[in-house]
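*Asks:* next one to model:
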Amino acid sequence: QVQLVESGGGLVQAGDSLRLSCAASGRTASSYAMGWFRQAPGKEREFVAAITWSGSSTYYADSVKGRFTITRDYAKNTVYLQMNSLKPEDTAVYSCTAGPVRTVKAGLSESWGQGTQVTVSS
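*Replies:* Model (predicted):
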């Protein structure tokens, strides 16, 4: 199993930017797709973005397309989520996940980080 640790959350104003990081460790960490989900209070967890193990393909929820960018650094075994033009509705706990790309996109991976809070004030 892959161990995941997120960082970079915080409190920002609408229109600001944040970059989340997810550091992966474990024997097969670099061979997995990785992704981000978020969960706001009282709402279901929802897919945000994913990137394949090669980095050649990325996937985004419609709500974040054009504002969020997912990238990965193989040397650091880290995935980043650059979030620009943040909106109050982006407020949520953001969690990182890793695994085969289909399970990552579906939120069915067994490997999850502890989550990091992002709060966007209006």
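*Asks:* please count neighbours and contacts with C-alpha atoms only from this point.
*Replies:* OK.
*Asks:* in three-state terms, label the residue nearest in space to the middle of the chain for me.
*Replies:* Centroid check for the chain by C-alpha atoms, centre = their mean gives Trp36 as the closest residue, at 2.5 Å. What DSSP: H, G, I helix; E, B strand; the rest coil gives for Trp36 is strand.
*Asks:* isn't it up against Val93?
*Replies:* No - taking contacts as C-alpha atoms under 8 Å, Trp36 lies outside contact range of Val93: 10.2 Å.
*Asks:* and stretch 1-21, how far from the chain's centre?
*Replies:* A distance of 8 Å separates the centroid of the chain from that of stretch 1-21, by C-alpha atoms, centre = their mean, to the nearest Å.
*Asks:* alpha carbons only: can I get it in CSV?
*Replies:* Extracted C-alpha coordinates of stretch 1-21, given in CSV (Å, rounded to 0.1, in the frame of the first residue of the first chain):
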residue,chain,number,x,y,z
GLN,A,1,0.0,0.0,0.0
VAL,A,2,1.1,3.6,-0.7
GLN,A,3,1.4,6.1,2.1
LEU,A,4,0.2,9.6,1.3
VAL,A,5,0.7,12.9,3.1
GLU,A,6,-1.0,16.1,2.0
SER,A,7,0.1,19.7,2.8
GLY,A,8,-0.5,23.2,1.6
GLY,A,9,-4.1,23.9,2.7
GLY,A,10,-5.1,27.1,4.4
LEU,A,11,-7.5,30.1,4.5
VAL,A,12,-7.5,32.4,1.5
GLN,A,13,-9.8,34.9,-0.1
ALA,A,14,-11.8,34.4,-3.2
GLY,A,15,-9.6,34.9,-6.3
ASP,A,16,-6.4,33.8,-4.5
SER,A,17,-4.3,30.7,-5.3
LEU,A,18,-3.0,27.8,-3.3
ARG,A,19,-0.8,24.8,-4.1
LEU,A,20,-1.5,21.5,-2.4
SER,A,21,1.2,18.8,-2.2
